[in-house]
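K.L.:
curious how this folds, go ahead:
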Amino acid sequence: MKKIQLGQSDLHVTPICLGTMTFGEQVDEPTAHAILSRSLERGVDFIDTAEMYSVPTRKETYSVTETIIGNWFAANPGARQKLVLATKVAGPLRNTPWVREGVGMTAADIVASCEASLKRLKTDTIDLYQIHWPERHVPAFGNIYYDPAKEVTQTPIHEQLETFAKLVKAGKIRAIGLSNETPYGVHEFVRLAEQHDLPRVATVQNVYNLASRGVENGLDETMHRLGVSLLAYSPLAYGLLTGKYDKSGITGPDAPEEARITRYESVRKLRWGRPDALKAARLYNQLARDNGLTPTQLALGFCYTKWQVASTIIGVRTLAQLDEDIDAYGTKLSPEILAEIDRIRWDIRDPAA
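P.N.:
Numbers count the residues shown, from 1 in each chain. As a prediction, the model looks like this:
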């Protein structure tokens, strides 16, 4: 896999990134270590985590994922130097007071979170430190409408950037990124960084898959023109685009018990549990089969080959899933298949936005 430069930073990564939010919830520590080792053996040199993981987030498992990764680094000398490590500072309160109290994200919050992540990860430096969701009120995680009445901004973007600059100067982080961001947010972070000689955003990590292509409604132009790279998360739409729910639905006696949407009521209440999300997924999955592909090959082939995407974040529970996702790299989608994908989107547009 040819390395990709992240934005204008000095970070170069593989076009596949190993996501880890299942570690500590659906994936126990020995299995997580095996997945990390296999991923590195297969050439993936980019891993992504967050202080709030695992997911679904619970007080009992808060920060466990970073601890598991740190333990793997300790057990595998030299592995840390072979990887680009990304993690995230949580945004303000989202009914998770064990992660962040209050409605803001102060300089003290950012510094404390960074230092705690470094300790759990057993490393001196985080290569890519991302804001998990904006301190501003934005439509995210399945919401699509901005509501000015809900704006409760406490910490200016300039102040956030100044804090990241201090962490860069101290050698605790190398580059910064955003997540669940909007075109406005990307523009403002870049504008202020350039105006005040502060760290420039290298990446935005947003949802992007066949059932959720909101990135292409303007954010892609913003990122292209400003030289910011997209890290696409949930490329398989929490499993909807693997075909595992096509016959059974997401609940009921035949639904896969170990799968996230079936297992967690909190997940079913989100965009992944919408009836239209499953309806769209079934259409895409059948399109794959009709063209001699597995649903996973179609969904990942789509992300792996789109010009908008720098690196695609895959999340797995097993070594078999990891191998399947990596093996899908190199899947080519014909112009006819891409046209049919766009036709389906026209009929049922981004139900998992």
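
K.L.:
now the nearest residue to Arg274 once chain neighbours are set aside. Its backbone dihedrals?
P.N.:
Nearest residue to Arg274 in three dimensions, chain neighbours excluded: Pro351, at 5.6 Å (C-beta to C-beta, 6 or more residues apart in numbering). For glycine as for every other residue, the C-beta is placed from the backbone atoms N, C-alpha and C. Reported as degrees, to the nearest 10, the phi and psi values for Pro351 are phi -70, psi -20.

K.L.:
doesn't Arg174 fall inside a strand?
P.N.:
Yes - counting by DSSP: H, G, I helix; E, B strand; the rest coil, Arg174 falls inside a strand.

K.L.:
let me see the contact set for it.
P.N.:
9-11, 125-128, 168 (C-beta atoms under 8 Å, 6 or more residues apart in numbering).

K.L.:
again, only this time at 6 Å
P.N.:
Contact analysis of Arg174 by C-beta atoms under 6 Å, 6 or more residues apart in numbering lists Asp127.

K.L.:
Thr31 versus that one, what's the distance?
P.N.:
29 Å (C-beta to C-beta, to the nearest Å).

K.L.:
equivalent analysis for Ile337, please.
P.N.:
From Ile337 to Thr31 the distance is 34 Å (C-beta to C-beta).

K.L.:
Ala211 too?
P.N.:
28 Å.

K.L.:
the more surrounded of these two?
P.N.:
The neighbour comparison of Ala211 against Thr31 (other C-beta atoms under 10 Å) goes to Ala211, with 31 against 17.

K.L.:
quick one: that one and Gly218, what's the gap?
P.N.:
Ala211 is 19 Å from Gly218, by C-beta to C-beta.

K.L.:
surely Ile344 and Leu283 touch.
P.N.:
Yes - the criterion here is C-beta atoms under 6 Å, and Ile344 meets it with Leu283 at 5.0 Å.

K.L.:
tell me which element the nearest residue to Ala75 once chain neighbours are set aside falls in.
P.N.:
Nearest residue to Ala75, sequence neighbours excluded (C-beta to C-beta, 6+ apart): His33, at 6.9 Å. Element membership for His33, per DSSP states H and E: helix 29-41.

K.L.:
and the next helix or strand past that helix?
P.N.:
strand 46-48.

K.L.:
how about the helix or strand that that next one is followed by as CSV, C-alpha atoms only?
P.N.:
Next helix or strand after strand 46-48 toward the C-terminus (DSSP H and E): helix 64-75. The C-alpha trace of helix 64-75 is given here as CSV (Å, rounded to 0.1, in the frame of the first residue of the first chain):
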residue,chain,number,x,y,z
VAL,A,64,-9.9,1.1,28.5
THR,A,65,-9.1,1.0,24.8
GLU,A,66,-6.1,3.3,25.2
THR,A,67,-4.9,1.2,28.1
ILE,A,68,-5.1,-2.0,26.0
ILE,A,69,-3.1,-0.4,23.2
GLY,A,70,-0.5,0.9,25.8
ASN,A,71,-0.2,-2.6,27.2
TRP,A,72,0.4,-4.0,23.7
PHE,A,73,3.2,-1.4,23.1
ALA,A,74,4.8,-2.5,26.3
ALA,A,75,4.6,-6.2,25.3
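
K.L.:
what angle separates the helix or strand following helix 64-75 from helix 64-75?
P.N.:
Downstream of helix 64-75, the first helix or strand assigned by DSSP H and E is strand 84-89. Strand 84-89 and helix 64-75 are oriented at 150 degrees to each other (axes from the mean of the first three to the mean of the last three C-alpha atoms, to 10 degrees).

K.L.:
okay, buried residues for the helix or strand that strand 84-89 is followed by please.
P.N.:
Remark: after strand 84-89, the chain's next helix or strand is helix 107-121, criterion DSSP H and E. Using 16 or more other C-beta atoms under 10 Å as the test for burial, helix 107-121 gives 109-111, 113-114, 117-118, 120-121.

K.L.:
list the contacts of helix 107-121.
P.N.:
51, 63, 66-67, 69-70, 87, 89, 163, 167, 172.

K.L.:
try 8 Å
P.N.:
Outside of helix 107-121, the residues within contact range by C-beta under 8 Å, 6+ apart are 49, 51, 63, 66-67, 69-70, 73, 85, 87, 89-90, 100, 124-126, 129, 155, 159-160, 162-164, 166-167, 172-173.

K.L.:
and if you look at stretch 292-303?
P.N.:
With C-beta under 8 Å, 6+ apart as the test, stretch 292-303 has contacts from 208-210, 232, 235-237, 241-243, 246, 281, 284-285, 287-289, 291, 309, 312, 314, 324-325, 328-329, 331-333, 337, 341.

K.L.:
buried ones among those?
P.N.:
The buried subset of those (16+ other C-beta under 10 Å) comprises 208-210, 232, 235-237, 241-243, 281, 284-285, 287-288, 309, 312, 314, 324-325, 328-329, 331, 333, 337, 341.

K.L.:
so which of those residues are in strands?
P.N.:
232, 309, 312, 314 (DSSP state E).

K.L.:
against Ala116, how distant is the closest residue to Thr96 other than its chain neighbours?
P.N.:
Once flanking residues are discounted, Thr96 sits nearest to Thr57: 5.7 Å by C-beta to C-beta, 6+ apart. In this view, Thr57 and Ala116 are 16 Å apart by C-beta to C-beta.

K.L.:
can you check Ala320 too?
P.N.:
As judged by C-beta to C-beta, Ala320 and Ala116 stand 33 Å apart.

K.L.:
so what's Gly214 up against?
P.N.:
144, 206-208, 350, 353.
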